[in-house]
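Participant: The amino acid sequence is not available; the structure is as follows:
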């Protein structure tokens with residue numbers, strides 16, 4: 001028979017469970033714990049992560065994927081528990097993502113400009129090589 005108290009309890013996760021699920025190392029998870037971003041319970045020496053920790057880890061990793069600095073990620077994740085709750089967190093997240101989008105578009109424009117410059121340099125160098133080759137006497141046979 002299934003224990004009814006077990007059904008209502010929030011699921012817990014080991015560090016290995018989370019590392020496997022999110023394809024990160026246990027060292028990565030311990031780092032976020034040391035930074036105060038995750039707060040697993042302890043069962044002796046074993047870390048026991050809650051659903052809240054799992055969600056926070058998912059948000060941390062998403063923030064890293066989009067290039068936000070760790071301090072900013074921590075601030076955004078912590079805002080959920082703040083006075084403005086999830087709505088405040090989401091407004092701040094939107095602002096940060098909009099800013100990040102502008103930054104990346106500027107970088108893309110700079111990269112596009114550099115690629116065009118590289119193409120121009122390569123074309124000029126190839127053209128000059130052709131001129132040199134056409135103007136040089138034929139090698140003795």
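Facilitator: Thanks, I have the structure now. What you are looking at is a predicted structure, and each value in this text was computed from that prediction instead of being measured.

Participant: any chance you could read off phi and psi for residue 47?
Facilitator: According to degrees, to the nearest 10, the main-chain angles of residue 47 amount to phi -80, psi 140.

Participant: Repeat that for residue 44.
Facilitator: The phi and psi values for residue 44, taken as degrees, to the nearest 10, are phi 70, psi -120.

Participant: For it, give its distance to residue 31.
Facilitator: Distance of residue 44 to residue 31, given as CB to CB, to the nearest Å: 22 Å. To be clear about C-beta, it is placed using only N, CA and C from the backbone, and glycine gets the same treatment.

Participant: Let me see the ranges of the helices in this protein.
Facilitator: 4-8, 15-22, 26-34, 51-65, 70-79, 85-135 (DSSP state H).

Participant: what does the average pLDDT come to for the longest one?
Facilitator: To tie it back to what came earlier, the one meant is helix 85-135. Per-residue confidence for helix 85-135 averages out to 94 on the pLDDT scale.

Participant: what packs against it?
Facilitator: helix 70-79 (3 or more CB pairs under 8 Å, 6 or more residues apart in numbering; DSSP states H and E).

Participant: Adding distance to residue 40 and mean neighbour count as columns, could you present the helices of the chain in a markdown table?
Facilitator: As requested, those are arranged in a markdown table below (distance: least, CB to CB, whole Å; neighbours: other CB atoms under 10 Å):
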| stretch | distance to residue 40 | mean neighbour count |
| --- | --- | --- |
| helix 4-8 | 20 | 7 |
| helix 15-22 | 8 | 15 |
| helix 26-34 | 7 | 15 |
| helix 51-65 | 6 | 17 |
| helix 70-79 | 15 | 17 |
| helix 85-135 | 22 | 11 |
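
Participant: Which residues are in contact with the closest residue in space to residue 66 that isn't next to it in sequence?
Facilitator: In space, and not counting its chain neighbours, residue 66 is closest to residue 100: 6.2 Å by CB to CB, 6 or more residues apart in numbering. By CB atoms under 8 Å, 6 or more residues apart in numbering, the residues touching residue 100 are 66-68.

Participant: What of residue 93?
Facilitator: Residue 93 makes contact with residue 76, according to CB under 8 Å, 6+ apart.
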